[in-house]
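[1] Provided below are the primary sequence and the corresponding predicted coordinates.
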Amino acid sequence: MSGWTTLVAAETLAMALSRQDLVVLDCRSSLMNPGAGEGAYLRGHIPGAVYAHLDRDLSDQRRHGEGRHPWPDAADFTGKLGKWGITPAHQVVAYDDGDGAYAARLWFLLRTLGHEKVAVLDGGWSRWTALGLPADSRVPAPMHLRYVAEFDRTRLLGPDQVAAGLQAGELLIDARGPERFRGESEPIDKVAGHVPGARNRAYSSNLTDQRFKSPVQLAAEFRELLGTHPPEGTMVMCGSGVTACHHLLAMERAGLKGARLFTGSWSGWIADGSRPIATGEA
C-alpha cells in the first residue's frame with residue numbers, strides 16, 4: 001500500500017487501524033490550558049493512539065530566547081518516536097481536535113527528518129467522533145524501537161536568517177489571525193505586531209468546515225499569494241512555530257513543496273527587543 005503523505009480521511013483510517021505498520025498520534029492541545037489535551041486523550045482516543053504533548057514532546061522548553069515552542073533536539077525527538085513505536089518504515093497519522101494545527105506540527109517534525117509516510121487526519125477527533133467511529137481509553141505501553149535521523153536544517157530558520165531572506169526579497173507569510181498580525185490584539189505574547197515585510201494569511205484560510213480545502217483550491221490561493229516567489233523562496237511563521245506548519249502542510253497538499261519554517265516565529269522575534277516591529281496592514 002502506498003503511504004499517506006499529507007492528509008487521510010477518517011473513514012480511510014478507520015479501515016486501516018489493524019495495520020501493523022501504522023502508528024496514530026494524538027496531538028490534541030490548548031495553548032491556554034497545556035494539560036487539556038492529555039486529559040482529553042486519557043478520557044478517550046482513537047484505538048491504539050499514543051499521546052504527543054506539544055510542550056513536552058514536540059518542543060524543547062530548555063531552549064531560551066527561541067520562542068514559546070522551541071524546535072526540539074533531533075536525538076530527543078527520535079527517542080520519543082522509538083518509545084511511541086515508530087521507525088522510519090512506519091505509516092504515521094497525527095490528529096488533534098479538528099483544525100489540524102497541532103497535528104501539522106508533528107507532521108512537519110517528521111517531514112524534516114525525511115519521513116515521508118506521515119499524514120494528518122482531516123477533520124481530526126471532531127470528525128472521527130461525529131462519524132461514530134471507535135474510541136477507547138487504553139494507553140499503549142512504551143516501546144523500545146530505534147529511530148536514527150537528523151533534521152533538514154535548511155528548512156528551519158532563525159530570526160537572522162529570516163531578516164536576511166526578507167532583505168534578499170524572499171516572502172514571509174504569517175499564519176496568525178489578522179487582528180494579531182495587525183497588532184490590534186495579542187492574547188499570548190508580550191508584544192503585539194508583526195515582522196516588517198511579512199504578509200498575512202491566517203492558517204484558518206486553508207479550511208472549510210474544519211477540513212482542508214481541495215488541492216486545486218489551495219494551489220490557486222497560494223499561487224496568488226506567492227506571486228513570483230517559488231515555494232523554496234518562501235518562509236512561514238506564526239506565534240511560536242506551530243500553526244505555521246499548517247501552511248507547510250497545505251502547500252505540500254497543493255503541490256508547492258519546499259517552504260521553510262521560522263521556528264521561533266513571533267515569540268522568538270520579540271525575544272530580542274532591538275528587532276523592528278510593524279503594526280497595521282503589511
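    Looks like it came in fine.
[2] you'd agree Met237 is up against Arg260?
    No: with contacts defined as C-beta atoms under 8 Å, Met237 does not count as touching Arg260, sitting 9.9 Å away. For glycine as for every other residue, the C-beta is placed from the backbone atoms N, C-alpha and C.
[3] those two: which is more packed in?
    Met237 (31 against 26; other C-beta atoms under 10 Å).
[4] hey, what's that one bridged with?
    Here Met237 sits in beta bridges with Asp174, going by DSSP bridges.
[5] got it, and His194?
    On the basis of DSSP bridges, His194 takes part in beta bridges with Ala278.
[6] how near is the residue most central in space within the chain to Ser205?
    Taking C-alpha atoms, centre = their mean as the criterion, Arg105 is the residue nearest the geometric centre of the chain, at 2.2 Å. Between Arg105 and Ser205 the distance is 18 Å, computed by C-beta to C-beta, to the nearest Å.
[7] list the contacts of the residue lying closest to Ala202 once chain neighbours are set aside.
    Closest residue in space to Ala202, ignoring its immediate chain neighbours: Gly177 at 5.0 Å, by C-beta to C-beta, 6 or more residues apart in numbering. If a contact means C-beta atoms under 8 Å, 6 or more residues apart in numbering, then Gly177 has 185, 202, 204 as its contacts.
[8] specify which member of those is nearest to Thr6.
    Ser204 (17.9 Å; C-beta to C-beta).
[9] does the closest one sit in a helix, a strand or a coil?
    Classification of Ser204 by DSSP: H, G, I helix; E, B strand; the rest coil places it in helix.
[10] what of Arg180?
    Following three-state DSSP, the label given to Arg180 is helix.
[11] correct me, but it touches Ala192?
    Yes: in this structure, Arg180 sits in contact with Ala192. The criterion is C-beta under 8 Å, and the distance is 7.1 Å.
[12] now the common contact residues for the two.
    Shared contacts of Arg180 and Ala192, defined by C-beta under 8 Å, 6+ apart, are found at Glu186.
[13] list the contacts of the closest residue to Glu179 other than its chain neighbours.
    On the basis of C-beta to C-beta, 6+ apart, the spatially nearest residue to Glu179 that is not a chain neighbour turns out to be Ser185, at 4.2 Å. Contact analysis of Ser185 by C-beta under 8 Å, 6+ apart lists 177, 179, 192.
[14] got those residues as JSON lines, with pLDDT and distance to Ala244 columns?
    Rendered in JSON lines, the data for these read as follows (pLDDT from 0 to 100; distance: C-beta to C-beta, whole Å):
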{"residue": "Gly177", "pLDDT": "96", "distance to Ala244": "13"}
{"residue": "Glu179", "pLDDT": "96", "distance to Ala244": "17"}
{"residue": "Ala192", "pLDDT": "96", "distance to Ala244": "18"}
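[15] average pLDDT for the one helix or strand Ala250 maps to?
    For Ala250, the element it lies in under DSSP states H and E is helix 244-253. The pLDDT scores in helix 244-253 average 98.
[16] and that helix, what other elements does it pack with?
    Under the contact definition 3 or more C-beta pairs under 8 Å, 6 or more residues apart in numbering; DSSP states H and E, helix 244-253 sits against helix 101-112, strand 171-174, helix 215-226, strand 234-237, strand 260-262.
[17] export those to CSV and tack on distance to Leu17 and mean pLDDT?
    Supplementary listing: the helices and strands packed on helix 244-253 in CSV, determined by distance: least, C-beta to C-beta, whole Å; pLDDT from 0 to 100:
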stretch, distance to Leu17, mean pLDDT
helix 101-112, 17, 98
strand 171-174, 35, 98
helix 215-226, 26, 98
strand 234-237, 32, 98
strand 260-262, 31, 98
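[18] these into JSON lines, with extra columns for distance to Pro140?
    Supplementary listing: the helices and strands packed on helix 244-253 in JSON lines, determined by distance: least, C-beta to C-beta, whole Å:
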{"stretch": "helix 101-112", "distance to Pro140": "17"}
{"stretch": "strand 171-174", "distance to Pro140": "37"}
{"stretch": "helix 215-226", "distance to Pro140": "33"}
{"stretch": "strand 234-237", "distance to Pro140": "33"}
{"stretch": "strand 260-262", "distance to Pro140": "29"}
